[in-house]
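Peer 1: return atomic coordinates for the entry below.
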Amino acid sequence: MSDLNSLSILVVGSGGREHALVQKCLKSPLAKRVIAAPGNGGMATEVDCYSVAVEAIYELVQLAIEQKIGLVIVGPEVPLSLGLVDALQAVGIPAYGPNKVGAQLESSKAFCKDFFARHEIPTADYATFTEVAPAMEYLRTHPAPIVIKASGLAAGKGVIMAETQAEAEAAVTDMLEGGAFGNSGCEIVIEETLYGEEVSIHAIVSGSDFVCLPASQDHKRAGEGDTGLNTGGMGAYTPTSRMTPELQAQIEAKVIRPTLAGFKADGITFNGTLYAGLMLTERGPLVLEYNVRFGDPETQVLLPMVDQDIVPILLASAKGESLPPELKIKMGASIAVVLAAGGYPGDYPKGDAITLPETIPEDTAIVHAGTKRNAEGTIETNGGRVLGVSSYAVNLQEAANRAYDLCDQIHFSGKYLRKDIGYRELDRSS
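Peer 2: Residues are numbered from 1 along each chain as shown. Just a heads-up that it's a prediction; the model follows:
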């Protein structure tokens with residue numbers, strides 16, 4: 001790993017994940033200065049925020065040059081897919097995250113599934129389509145329940161779990177002909193429905209080196225009991241007792257290591273986060289999909305569990321240098337609860353004033369996602385997932401109690417939250 005002096009860090013993004021990264025970086029003795037672009041209302045109370053959009057690649061590179069940034073941490077998937085890391089590397093600025101080629105694992109589900117097939121990584125059976133007629137023919141021989149996915153980026157919402165044939169056919173038509181997800185749905189993946197329990201594994205990767213964070217589980221559905229529409233994530237927790245040391249070793253041997261070998265075979269240099277969404281099935285763990293950045297809200301539960309400075313590890317990955325054999329992880333558990341605007345993931349209002357508690361307990365945090373600071377300095381809602389409340393404690397039940405107590409002290413019009421985050425694990429431990 002690098003010998004480091006203090007450095008200035010730029011976190012790119014405006015969500016809860018990026019706020020959690022900012023908070024973690026501020027605790028680093030190596031961080032001389034932390035800034036964000038574009039940031040949000042909460043980040044603006046802690047660091048300087050620059051109103052540069054995540055899609056504005058040239059402007060982000062210029063900002064990094066002007067501010068003499070020594071490490072850029074790219075939060076969301078969009079700038080990765082647009083080649084921000086490539087552009088920063090071209091001017092000699094280390095950036096945490098994969099290059100544009102590596103980012104295709106997330107920006108194209110079709111690319112990802114073909115990568116799985118090519119390198120024998122266990123996943124659901126699938127087929128990809130760009131036209132309605134062959135997709136409908138496939139559905140006739142692979143009837144519902146079945147999963148229809150927009151191949152491109154869709155902010156966690158481009159997945160339809162069709163329970164009936166009519167729902168499946170409607171999803172195909174809506175995506176390929178109706179523009180339901182814009183250009184992201186011009187190509188679709190149809191895959192078998194997998195049954196089991198989902199877990200996520202985040203690995204920090206530097207070439208052939210990797211180190212895993214604790215397994216986590218998030219709650220994608222809007223409604224309690226995992227019902228309703230898919231969202232970007234309504235909450236998460238770590239660890240899960242389903243992830244035994246034996247299962248962790250199996251996933252590393254059959255998923256993570258073959259993926260890194262596949263990168264090498266395909267000529268892909270991959271540095272950054274490899275986030276595997278897995279379904280624990282009767283056939284063993286199967287990969288649902290890869291993301292190539294930290295999850296949101298998983299980051300809000302994973303970073304509090306890391307009992308060491310993560311900045312030198314992210315910088316080593318950005319430079320393609322060796323990583324430590326493992327991370328120092330706290331005992332205990334962490335949970336995050338998302339406070340959403342009423343109507344999310346559908347239409348929702350913006351501009352409602354948010355009331356926050358003046359003080360919060362130790363080992364809890366409030367991260368801002370869809371917020372902004374108005375001209376009068378008041379924090380307002382500015383997105384679907386407004387805030388995230390996280391808590392670390394000796395066990396998940398205690399962490400949940402603290403988080404929900406803090407949620408009760410936060411107020412804005414139409415506030416919606418799931419009150420059952422972590423319910424599977426809590427049921428197992430009761």
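
Peer 1: contacts only, for the residue nearest to the spatial centre of the chain.
Peer 2: Geometric centre of the chain, nearest residue: G295, 1.7 Å, by C-alpha atoms, centre = their mean. When contacts are counted by C-beta atoms under 8 Å, 6 or more residues apart in numbering, G295 touches R17, S200, H202, S216, D218, G233, A236, Y275. (Glycine included, C-beta is placed from N, CA and C.)

Peer 1: with L417 as the reference, measure out to it.
Peer 2: G295 is 18 Å from L417, where distance means C-beta to C-beta, to the nearest Å.

Peer 1: tabulate the contacts of G295 (JSON lines), appending pLDDT, secondary structure and neighbour count.
Peer 2: Shown next, in JSON lines, are the contacts of G295 (pLDDT from 0 to 100; DSSP: H, G, I helix; E, B strand; the rest coil; neighbours: other C-beta atoms under 10 Å):
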{"residue": "R17", "pLDDT": "97", "secondary structure": "helix", "neighbour count": "26"}
{"residue": "S200", "pLDDT": "95", "secondary structure": "strand", "neighbour count": "23"}
{"residue": "H202", "pLDDT": "98", "secondary structure": "strand", "neighbour count": "23"}
{"residue": "S216", "pLDDT": "97", "secondary structure": "strand", "neighbour count": "28"}
{"residue": "D218", "pLDDT": "94", "secondary structure": "strand", "neighbour count": "25"}
{"residue": "G233", "pLDDT": "94", "secondary structure": "coil", "neighbour count": "22"}
{"residue": "A236", "pLDDT": "98", "secondary structure": "strand", "neighbour count": "28"}
{"residue": "Y275", "pLDDT": "97", "secondary structure": "strand", "neighbour count": "22"}
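
Peer 1: show me the shaky parts of the stretch 101-250 of the chain.
Peer 2: 154-157, 180, 182-185 (pLDDT under 70).

Peer 1: now the strands for it?
Peer 2: 126-129, 146-150, 159-162, 188-192, 197-206, 209-212, 217-218, 221-223, 227-230, 235-238 (DSSP state E, counting those that start in this stretch).

Peer 1: what comes up buried for the last one?
Peer 2: Buried residues in strand 235-238, defined by neighbour count with 16 or more other C-beta atoms under 10 Å: G235, A236, Y237, T238.

Peer 1: now the fifth one
Peer 2: Residues of strand 197-206 classed as buried under the neighbour-count rule (16+ other C-beta under 10 Å) are E198, V199, S200, I201, H202, A203, I204, V205, S206.

Peer 1: greatest separation within the residues you listed: which pair is it?
Peer 2: Longest distance between any two of those is 26.6 Å, between E198 and S206; criterion C-beta to C-beta.
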